[in-house]
Structures are given as structure tokens and as C-alpha cells.
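1. show me the folded form of this:
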Amino acid sequence: MLSPALTGLLASRRSLLNQQVAEARRRWPTLDTAAFSVFVAQTLDPLCLAVAAVDEAAMPAATEVAFELGLELVAQGLAGPAARLPWVDAAWQQLAAPAARLIAAAPLETLGALSNAVVRMHEVPGVRIDAWLQRMVALAPRCDSTAALRSVGALCAWQAGMAHLRVAALAQADGLPAVLAAEALGVDGAQWPSLRSRLGSERWWHPQGAAASAQGQTVGGFTGLGGPFAAPPELRASAEGFIARSGDRHYLLIADAFGGVVLPASAAEFAAARTTPATQLSFDSQGARIGTTTIAYAAPADGLVAVTGPAGIALYSPWSHHVRLLPGAA
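-> Residues are numbered from 1 along each chain as shown. A predicted model of the protein is given here:
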């Protein structure tokens with residue numbers, strides 16, 4: 001059952017909202033109106049109440065914007081009970097109250113930013129969207145604008161595994177109050193200047209620990225099991241990370257202390273990359289080692305290859321679809 005607040009709004013705006021539904025059905029003939037009704041009850045109604053609790057006067061306009069945006073998201077299969085991913089509904093539901101003041105002030109910009117963020121993260125395997133939501137629930141009330149929410153969201157997405165956002169997220173953090181930027185990284189605000197400098201220069205340093213684990217990050221996988229690689233990849237080092245060739249396709253692998261990602265790349269990037277052997281690694285009957293640390297890598301010791309570059313070390317094998325990306329220097 002819908003709340004009285006939303007029921008009253010739907011009744012008072014019936015003509016306008018019915019017109020929006022009709023236009024949406026013309027634009028998306030496959031729109032499931034029953035699924036949208038569930039979205040209204042489970043996602044829009046709590047959002048309506050959250051906005052009303054902080055700014056009752058802003059509630060009607062904000063809810064109308066959310067209604068129209070929700071129609072589009074449900075029609076595209078991004079929200080509602082039949083959605084191909086759960087994260088848009090989760091973001092709206094979990095962040096409605098923490099971000100209510102921002103939604104009241106700028107509903108389209110705020111809800112659009114939250115929706116785009118979780119859709120983008122869903123497109124990158126291995127990103128911890130649930131961890132991102134948990135951090136954003138705590139931090140959203142500290143944001144005084146949608147721009148600040150985006151910047152905090154970028155910092156949290158980077159920490160959730162979007163390693164390719166590192167430089168951009170840190171640049172956006174420079175526009176935040178130091179206390180808020182530090183809070184997003186779980187440290188005291190007084191540490192921010194030195195923390196910011198170190199994060200910018202040391203990709204494998206983690207603010208919650210003295211150093212990144214020597215075990216690094218594992219990325220990749222076989223296409224038949226949801227991974228990106230049809231064949232065990234060959235790697236070369238680039239300035240950003242490593243370029244992989246698997247069959248006739250190419251990929252950019254980026255990793256740091258928070259996670260690792262596999263992104264599209266080109267044959268030209270692979271050709272321009274370099275194949276410098278990683279002398280920091282040694283090989284024995286147990287596999288690969290850095291000093292006295294054995295690198296746990298599920299592949300036969302025979303045929304292991306390690307290349308190094310500005311972003312660290314890549315360990316790969318002709319017998320595995322996975323790649324281990326490790327701390328190190330060229």
C-alpha cells in the first residue's frame with residue numbers, strides 16, 4: 001500500500017503522470033507497467049517520504065522528476081522487479097534518506113548521478129558495489145551539493161575496485177573540504193595533505209595499512225565462465241598498466257591497492273607497449289617469489305612469465321586465463 005503522501009500526489013497529478021506513462025509506452029513499447037507499479041511502491045514511495053521529511057514543499061516536484069526518471073529506468077531494464085541489475089533500486093532505496101536534501105534541491109541531477117554511478121560500476125567485473133553503497137550511506141549526508149556527492153562517489157568507487165578512476169578521483173577530491181575527502185578514505189582530516197600526496201605517487205599504498213599486500217590483484221578469467229579472455233593472454237607494460245592480447249582482442253589491465261579492472265584496448269596500444277622482464281621476481285619449483293614471499297598463483301610453474309612497467313609487475317602463464325598484477329617498479 002502506498003503512503004498517503006504519494007497517494008495524494010498521484011491523485012493530484014493524475015493527468016500529467018498518465019500522460020508521462022503514455023509517452024513512455026510509445027517510446028518503449030515493451031515497457032512493463034506492472035513492473036513500474038512495483039517500482040513506484042518499493043522505490044519511489046520511500047524516496048517521496050524521505051524528501052518530504054526534510055523539505056515538504058520540495059516533495060511534489062522532486063517526486064514528479066523521480067517518477068519520470070523511474071519510467072525510463074524501468075523501460076530500459078535498469079530498475080524495477082524485472083531489472084537486469086539490482087543496483088539502481090538499491091541506490092535509490094538506501095540513499096533516499098541520506099541524500100534527501102540533495103534530491104529535494106536537485107532531483108534529476110542527484111538521482112541521475114546515483115543511477116549512472118551504479119550502472120557504470122556494474123559494467124566492470126569485480127567492483128564491490130555493495131561496499132560503495134555502504135560508504136555512500138555514511139557520507140552522503142556530509143555532502144552539501146550534488147557536485148560534492150559525485151566527487152565523494154568517485155573516491156568511494158575507486159576504493160570499491162574501480163582502479164582506473166584513481167587519478168580522476170583524486171583530482172575531484174581536491175575540490176572537496178579536506179575533512180570530507182579524508183573521511184571518504186577513512187582517515188583523520190589532519191592527515192589529508194600528506195595522504196593526498198602519497199596516494200597520488202604510490203598506487204600500491206593503502207591508507208588503512210602500511211603497504212599493499214605483495215599478493216597484488218588477480219584479474220581476468222575465461223570467457224566461458226564470465227571472464228574477458230578467450231585464450232590465455234600475453235602481456236606487455238604500458239604507462240597506465242598492462243596491455244593484454246587474447247586471440248584477436250586487446251585489453252588494458254589496471255590495478256592498485258584497492259582493486260583491478262580489465263578494460264578494452266587496441267592492437268596499436270599492444271604494439272606500443274614494452275616487454276621488460278621483471279627481475280624482482282624469481283621462479284622455483286613452487287612458482288614465483290618476491291624476496292622470501294611466495295606469490296599464490298594457480299598455474300603451473302612451467303612457463304610463468306613476468307613483465308614490469310611503471311604500474312608494477314604482471315605475472316601470467318600460457319596455462320591460465322588469469323593474470324596476477326603485483327606491486328613493483330620498472
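2. for residue 326, give me its contacts.
-> Residue 326 is in contact with 214, 215, 216, 281, 290, 295, 312, 313, 314, 315, counting by Cβ atoms under 8 Å, 6 or more residues apart in numbering. (C-beta placed from N, C-alpha, C; glycine too.)
3. that one bridge partners, please.
-> residue 313 (DSSP bridges).
4. where does the stretch 201-330 of the chain have low pLDDT?
-> Judged by pLDDT under 70, the stretch 201-330 of the chain has its weakly predicted residues at 210-212, 286, 329-330.
5. what segments of it are helices?
-> With DSSP state H, counting those that start in this stretch as the criterion, the stretch 201-330 of the chain has helices at 267-272.
6. which stretches of it form strands?
-> 217-220, 234-237, 242-246, 249-256, 259-264, 276-277, 281-284, 287-290, 293-295, 305-309, 312-316, 322-326 (DSSP state E, counting those that start in this stretch).
7. and the residue nearest the centre of the protein?
-> Centroid check for the chain by Cα atoms, centre = their mean gives residue 121 as the closest residue, at 3.3 Å.
8. which non-adjacent residue is nearest that one?
-> residue 127 (4.6 Å; Cβ to Cβ, 6 or more residues apart in numbering).
9. sorry, back to before: so which of the strands of the stretch 201-330 of the chain is the most surrounded?
-> With neighbours taken as mean count of other Cβ atoms under 10 Å, the strands of the stretch 201-330 of the chain reach their highest mean count in strand 312-316, at a mean of 27.
10. for it, name the packing helices and strands.
-> Other helices and strands packing on strand 312-316, by 3 or more Cβ pairs under 8 Å, 6 or more residues apart in numbering; DSSP states H and E, are strand 234-237, strand 305-309, strand 322-326.
11. show me the one of those that comes nearest residue 161.
-> Comparison of the helices and strands packed on strand 312-316 against residue 161 by Cβ to Cβ identifies strand 322-326 as nearest, at 12.6 Å.
12. tell me the angle of the closest one relative to strand 242-246?
-> Between strand 322-326 and strand 242-246, the angle comes out at 170 degrees (axes from the mean of the first three to the mean of the last three Cα atoms, to 10 degrees).
13. and the angle from strand 322-326 to strand 259-264?
-> Put simply, strand 322-326 runs at 130 degrees to strand 259-264, going by the same axes, to 10 degrees.
14. strand 322-326 vs strand 249-256, what angle?
-> Taking the same axes, to 10 degrees, strand 322-326 and strand 249-256 form an angle of 40 degrees between their directions.
15. output strand 322-326 as PDB, restricted to C-alpha atoms.
-> Coordinates of each C-alpha in strand 322-326 appear next as PDB, following Å, rounded to 0.1, in the frame of the first residue of the first chain:
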ATOM      1  CA  HIS A 322      44.000 -15.100 -15.100                       C
ATOM      2  CA  VAL A 323      46.700 -12.500 -14.500                       C
ATOM      3  CA  ARG A 324      48.300 -11.500 -11.200                       C
ATOM      4  CA  LEU A 325      49.200  -7.800 -11.000                       C
ATOM      5  CA  LEU A 326      51.700  -7.000  -8.300                       C
END
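16. centre of the chain to that strand, how far?
-> Relative to the mean C-alpha coordinate of its chain, strand 322-326 is positioned 20 Å out (Cα atoms, centre = their mean, to the nearest Å).
17. count of neighbours near the closest residue to residue 53 other than its chain neighbours?
-> When the adjacent residues along the chain are set aside, residue 53 lies closest to residue 100, with 6.6 Å between them (Cβ to Cβ, 6+ apart). A total of 24 residues lie near residue 100 under the criterion other Cβ atoms under 10 Å.
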